[in-house]
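**Q** okay, here's the prediction I keep looking at, along with the sequence it came from:
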Amino acid sequence: MTCARNFNIFTGHLRPVTVFLQSERILMAVPQLKSFRNIGIIAHIDAGKTTVTERILFYTGRSHRMGEVHDGTAVMDWMEQEQERGITITSAVTTCQWNRHELHLIDTPGHVDFTIEVERSLRVLDGAIAVFCGVGGVEPQSETVWHQADRYHVPKIAFVNKLDRLGADLDQVVEQIERKFKTIPLVLQLPAGRESDFRGVVDLIGMRQIVFHDETLGERYEYVDIEASLRDRALEARDRLVAKVAEFDDHLMERYLEGMEISAADLVPAIRKLTLDLKAVPVLCGSALKNKGIQPLLDAIVDFLPSPLDVPPIEGRAPVTHAVERRSSSETEPFAALAFKIQMDQGRKLTYARIYSGRLQVGDDVLNVSKGTREKVSRIFQMHANKRDRLEKTGAGNIVVLMGLKSAGTGDSLCDPAHPVLLEPVNVYEPVISIAVEAQSRADQEKLLDSLAKLSEEDPTFRFQENPDTGQTIISGMGELHLEIVLTRLDRDFNVEVNAGKPQVVYRETISREAEAQAVFDREIGGVRHYGVVDIHLAPRRRGQGNTTLVKVRDASIPEVFFPAMEQGVQDALSSGPQLGYPVVDVEAVIFGGAFQDGVSSELAFRVAASMAFKKACEQASPTLLEPFMAVEILVPEEFLGEVLGDINLRRGRVENISIRKAIQVVQAVVPLSRMFGYSTALRSATQGRATFTMHFSHYDVASQG
Ligand SMILES: Nc1nc2c(ncn2[C@@H]2O[C@H](COP(=O)(O)OP(=O)(O)OP(=O)(O)O)[C@@H](O)[C@H]2O)c(=O)[nH]1
């Protein structure tokens, strides 16, 4: 075997460099915490996340056959509907080894209807690979997921994929990353050749070219001298890279200015630091479909993305004292984990959990702090898409699946019962679209409700509710595709046949002016008198600002012990508005007075009085209905532009921008969701199938007429 090895500068591990053969991999090394990488793959739909992940699984030896999205064999897209539709619906978790590092990878969906999957993955991940299409560049959903990652302070590597495609342009994507994300892209590679001539990449850190052997599906690759035609460009690009990195490192800057050699050993730790500090983003490139550029991406995950030891301790609150508690990634700390995903598997509940601290063994009791329940862990699994390996024990830094936790839900904190801590839950999005469904037979009605309950347990953005007036069941979700998938699952996974109505948008309610009201609750319940009076002032807040509730009772007319009950009363009222029972948003509520009587006032009385006062004030504050608006981006050839713009107008949309990307016009518009139902069919027929569009939720605004 002709395999030379060199030293991985950052990790201190040996790594093969000349020709890499699968048989050499060390798969069974016991992982140390510093060698863990909990990484998500995020992107716009169709950028190639699943294709990248499938290559990762193949090259790391996790799967022995390369799966493809287009023929429905991708390991990570294991759901039947994912394989049929060629899209990722649910995030899949898998584990693989690279260079003695253990990678826990989550492949997330790109479609906006499944944003919750991205949100909950980012909540528990330490780093992310953002995949971009070399032609489409930074598309709207790429921006959404990038900002989601920023919100959780997740360091990122950018991978510009599809460089084999006509019109692919690395420089353009890098420029967009810099402009749209206001970050510093550190270009670590140059493409060798472009479009159909794309041959491999030039590694600017090691100043060598990487050639991938097609006959081994890219599994074998070698480092060669940079070809003559690329040498000058590579020297210039490396100089730019070194200058950028040196700006943040005085020692490097000194050496750079003195014209001294800056080696890979100098650059790698400096780039790692900038990445972990969220100051810069390493950019790599390739073509996953053509099997080029994936192994250097794996090296970059190891070199530049954080281990659990590199991220700050997780913060939570002690349940009783509310004191801030910090848990660092160590097995010697008490056990703390976050349940970030629930999956029902043949009636059994699988709880996906990120373990932040401590150890866990099969048979251990854990406290679900969010639910106040104590349950025994009956099994622990390391996941590989929908397959799993049993573990006897696990610990800090790992992402595993637990069985036996019947009460666990998405976002619940799981802890050592002796050391409870409540971690920040997962952000959940409110559904924007709903449809009425009814079981085709009476006998199936109960089964329908039972199945919907299971589906909503798995997916917190899916809700259902029985309408007592019509007897129908209303299901709500994030978009047409989301609900379409739910209907198919009802039929296939749960054997319930339903009739479904037309999609309706989910409205919100708000107020347009200030108002005050007083409510008195004075009633005898079970022989006991309950008395409370609440004065409330409501004021509208700016759109999208959310609600605030404040108790500012002057002259101590109500004792402080009743404040939480009054706040709860306002929360109750906010969940169902006075107009049509939709949630109320963007309202400031201030409880400024009321009355109390010793001996007869109770929490119940104040809770109900606050709720009644809120509703009364709301009715006097010009209540208004809000509807969801979507940000729509349409890519359309010039000759169909007029038609597309006219149609947007008819849909009461507002065109915000028109720009040119290569030969295509890019229209950005804001359109009420209610007018976007069935848009893909309409656009296809109006443009002979030559236009495409994406949309994501933008904001709620006053409902348009007509
Ligand atoms: N030409 C070319 N096509 C690619 C490349 N990578 C992926 N594709 C194709 O692009 C399509 C989308 O790829 P996926 O891997 O499913 O993309 P994704 O980002 O996972 O998509 P979702 O999971 O549905 O969001 C598939 O048809 C792939 O075969 C590439 O490097 N070059």
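**A** In hand now; what should we look at?
**Q** drop to CA atoms for contacts and neighbour counts, all remaining ones
**A** Fine.
**Q** now the residue of the stretch 451-600 of the chain found nearest the ligand. Nearest residue, chain neighbours left out?
**A** Taking Cα to the nearest ligand atom, the ligand has its nearest neighbour within the stretch 451-600 of the chain at residue 481, 12.0 Å off. Among residues not flanking residue 481 along the chain, residue 113 sits closest, at 6.8 Å (Cα to Cα, 6 or more residues apart in numbering).
**Q** count the residues that sit near the one you found.
**A** By other Cα atoms under 10 Å, 21 other residues sit near residue 113.
**Q** surely it touches residue 483?
**A** No - at 9.1 Å, residue 113 and residue 483 do not qualify as touching, with contact defined as Cα atoms under 8 Å.
**Q** so does stretch 48-59 get close to the ligand?
**A** Yes - Stretch 48-59 is in contact with the ligand by Cα under 6 Å from any ligand atom, via 48-51.
**Q** can I get those in TSV with neighbour count?
**A** Putting those into TSV (neighbours: other Cα atoms under 10 Å) gives the following:
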residue	neighbour count
48	25
49	27
50	29
51	24
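**Q** possible to save these as TSV with secondary structure?
**A** TSV is the format used below for the residues of stretch 48-59 next to the ligand (DSSP: H, G, I helix; E, B strand; the rest coil):
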residue	secondary structure
48	coil
49	helix
50	helix
51	helix
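**Q** make JSON lines out of these and add distance to residue 218 and pLDDT.
**A** As requested, the residues of stretch 48-59 next to the ligand are exported to JSON lines (distance: Cα to Cα, whole Å; pLDDT from 0 to 100):
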{"residue": "48", "distance to residue 218": "17", "pLDDT": "90"}
{"residue": "49", "distance to residue 218": "17", "pLDDT": "87"}
{"residue": "50", "distance to residue 218": "17", "pLDDT": "85"}
{"residue": "51", "distance to residue 218": "13", "pLDDT": "90"}
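**Q** what does the stretch 151-300 of the chain have sitting close to the ligand?
**A** Neighbours of the ligand within the stretch 151-300 of the chain, by Cα under 6 Å from any ligand atom: 161-162, 164-165, 287-290.
**Q** swap in 8 Å and give it another go.
**A** For the stretch 151-300 of the chain, the residues in contact with the ligand (Cα under 8 Å from any ligand atom) are 161-165, 286-291.
**Q** quick one: pLDDT of the residue in the stretch 201-350 of the chain that the ligand sits nearest to?
**A** Nearest residue of the stretch 201-350 of the chain to the ligand, counting by Cα to the nearest ligand atom: residue 287, 3.4 Å away. Looking at residue 287, its pLDDT stands at 96.
**Q** who touches residue 576 in this structure?
**A** Contacts for residue 576 (Cα atoms under 8 Å, 6 or more residues apart in numbering) come out as 582-584.
**Q** scratch that, residue 687 is what I was asking about
**A** By Cα under 8 Å, 6+ apart, the neighbours of residue 687 are 636, 640.
**Q** distance of it relative to residue 664?
**A** Distance, residue 687 to residue 664, by Cα to Cα, to the nearest Å: 13 Å.
**Q** pull up the overlap in contacts between the two.
**A** When contacts are counted by Cα under 8 Å, 6+ apart, the set common to residue 687 and residue 664 consists of residue 636.
**Q** and stretch 223-232, what's buried?
**A** 223, 226, 231 (16 or more other Cα atoms under 10 Å).
**Q** which one of these sits closest to residue 502?
**A** Checking the buried residues of stretch 223-232 against residue 502 with Cα to Cα, the nearest one is residue 223 at 57.7 Å.
**Q** tell me the pLDDT of that closest one.
**A** Model confidence at residue 223, given as pLDDT, is 92.
**Q** so where does it fall, helix or strand?
**A** strand 221-224 (DSSP states H and E).
**Q** helices and strands around that strand, which ones?
**A** Under the contact definition 3 or more Cα pairs under 8 Å, 6 or more residues apart in numbering; DSSP states H and E, strand 221-224 sits against strand 208-212.
**Q** contacts for the strand it packs on?
**A** Applying Cα under 8 Å, 6+ apart, the contact partners of strand 208-212 are 199-203, 218-227, 291-292.
**Q** surely residue 116 is in a helix?
**A** Yes - according to three-state DSSP, residue 116 belongs to a helix.
**Q** quick one: distance of whatever helix or strand residue 56 lives in to the chain centre.
**A** When elements are assigned from DSSP H and E, residue 56 belongs to helix 49-59. On the basis of Cα atoms, centre = their mean, to the nearest Å, helix 49-59 sits 19 Å off its chain's mean C-alpha point.
**Q** rewinding a little: just the contacts of residue 576: which are in helices?
**A** Among the contacts of residue 576, no member is found in helices (DSSP state H).
**Q** so which of these is the most crowded?
**A** residue 584 (26 neighbours).
**Q** now do that one against residue 464, distance only.
**A** Look at residue 584 and residue 464: by Cα to Cα, they are 18 Å apart.
**Q** what's the answer for residue 488, then?
**A** Counting by Cα to Cα, the gap from residue 488 to residue 464 is 16 Å.
**Q** ok so, going back, just the C-alpha atoms of the helix holding residue 56, please, in CSV.
**A** The C-alpha atoms that make up helix 49-59 are tabulated as CSV, following Å, rounded to 0.1, in the frame of the first residue of the first chain:
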residue,chain,number,x,y,z
LYS,A,49,-27.5,18.6,1.8
THR,A,50,-28.7,15.0,1.5
THR,A,51,-26.3,14.3,-1.4
VAL,A,52,-23.4,15.7,0.7
THR,A,53,-24.5,13.6,3.7
GLU,A,54,-24.7,10.5,1.6
ARG,A,55,-21.1,11.0,0.5
ILE,A,56,-20.0,11.6,4.0
LEU,A,57,-21.6,8.3,5.1
PHE,A,58,-19.9,6.5,2.3
TYR,A,59,-16.4,7.9,2.7
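**Q** which stretches of this structure have low pLDDT?
**A** The model of the chain has pLDDT under 70 over residues 1-31, 63-91, 110, 385-386, 467-471, 662-663, 704-706.
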